[in-house]
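Asks: here is the input, now give the coordinates:
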Amino acid sequence: MKIHTFLADPEARSLHFDQNDLRALDDALPGHEFVHHDTQAALLDPANASAAECLMVWRFSADWYPRFPKLQTIFTPAAGRDWVASDPAGRVRVMHGTFHGPILGESLLGAVLFMNHRMPDMIRNFEQRQWNRNLQGDARLLAGQVVLLIGLGHIGSYCARMLKPLTRRVIGVRRSATPVADIETHSVDHLSGLLPLADHVILLLPGTTDTDRFMDPERLGLMKQGAYVYNFGRGNSLTTADLLGALPRLGGAFLDVTDEEPLAATSALWAAPNVFITPHSSCMYLDYTRRFVHEVAARIG
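Replies: Here you go, the predicted model:
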């Protein structure tokens with residue numbers, strides 16, 4: 001099979017596939033012919049596009065498909081559907097990465113522990129060179145708390161299983177009530193009754209029109225006093241305006257994604273005392289590229 005790659009990501013160095021990563025692909029699939037491209041223009045060059053049977057790319061537009069008559073499959077490292085469009089003709093399969101669970105899960109666990117033990121307050125305490133030993137006095141062990149995880153795809157299911165031994169109860173919510181193995185699963189229809197139970201509400205939703213303002217003021221208002229909300233899915237599901245309105249009664253929010261990215265320096269979220277923000281970086285680990293190579297090698301064989 002003739003496999004063309006364009007795996008450069010100028011926005012995030014950690015997600016850029018360097019020469020070592022590309023050699024690992026060559027070594028993992030010795031029976032296939034690889035053509036590695038450094039630019040989008042090279043990928044779309046008619047001579048290359050007409051010969052490619054398989055692609056490995058970060059981004060692919062719907063109007064590019066006619067240029068690739070022999071194309072059968074696209075592999076993308078991305079978990080979300082944001083950057084690689086589906087083939088309008090239905091001819092080409094798009095295979096998204098499913099390896100992100102342990103990567104994002106570690107970031108999520110760090111965020112839950114961070115917020116639960118009042119670390120935003122402790123950072124301010126440190127910056128002000130104060131010795132206030134009372135800031136964490138009302139923190140409770142996770143072992144007695146309930147986590148509500150909304151979105152049970154590959155990532156959500158992994159995260160639910162990871163958190164389960166550390167907490168009193170993990171509740172998973174998905175579009176349907178189809179059970180997920182080893183996870184207490186409910187449909188989204190039951191969300192209004194589940195939100196008041198949770199000490200930590202975690203959003204792992206895709207960025208589709210169905211999830212726009214998913215966590216709206218009504219649902220935020222159902223959260224218990226002092227509970228925490230986390231967004232590790234897409235920013236459209238929890239808007240800045242809705243969150244700011246709810247923050248006075250919440251314990252806080254940890255956001256890896258926001259409704260505007262990059263988040264403007266003038267956003268009120270930066271100044272909110274019980275909010276912590278990371279720049280859509282929950283999967284920024286050296287392991288990312290290696291895990292993609294292993295997954296593709298297993299799929300292609």
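Asks: could you use CA atoms for every contact and neighbour count after this?
Replies: Will do.
Asks: name the residues of the helix of greatest length in the chain that are buried.
Replies: Ranked by number of residues, the top helix in the chain under DSSP state H is helix 101-116. Judged by neighbour count using 16 or more other CA atoms under 10 Å, the buried positions of helix 101-116 are 101, 103-105, 107-108, 111-112, 115-116.
Asks: now do stretch 122-131
Replies: Per 16+ other CA under 10 Å, stretch 122-131 contains these buried residues: residue 122.
Asks: now do stretch 68-77
Replies: Quick answer for stretch 68-77 (16+ other CA under 10 Å): 68, 70-71, 73-77.
Asks: now the two most distant members of those.
Replies: Pairwise distances across the buried residues of stretch 68-77 peak at 21.4 Å for 70 and 77 (criterion: CA to CA).
Asks: which of the buried residues of stretch 68-77 sits closest to residue 256?
Replies: Distance ranking of the buried residues of stretch 68-77 against residue 256, using CA to CA, places residue 77 first at 18.6 Å.
Asks: ok, the closest one - contacts?
Replies: 57-58, 96-97, 292 (CA atoms under 8 Å, 6 or more residues apart in numbering).
Asks: count of residues packed around residue 147?
Replies: By the criterion of other CA atoms under 10 Å, residue 147 has 25 neighbours.
Asks: repeat for residue 201
Replies: Around residue 201 there are 25 residues (other CA under 10 Å).
Asks: which SSE is immediately downstream of the longest helix of the chain?
Replies: helix 119-127 (DSSP states H and E).
Asks: one step back: narrow the buried residues of stretch 68-77 to those in strands?
Replies: 73-76 (DSSP state E).
Asks: would TSV of those with distance to residue 8 and pLDDT be doable?
Replies: What follows is those, written out as TSV (distance: CA to CA, whole Å; pLDDT from 0 to 100):
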residue	distance to residue 8	pLDDT
73	19	98
74	15	98
75	14	97
76	12	97
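Asks: mind listing the strands for this protein?
Replies: Using DSSP E, strands in the chain cover 2-6, 33-36, 54-57, 73-76, 93-96, 146-150, 169-174, 184-187, 200-203, 228-231, 252-255, 275-277.
Asks: show me the shaky parts of this protein.
Replies: 10 (pLDDT under 70).
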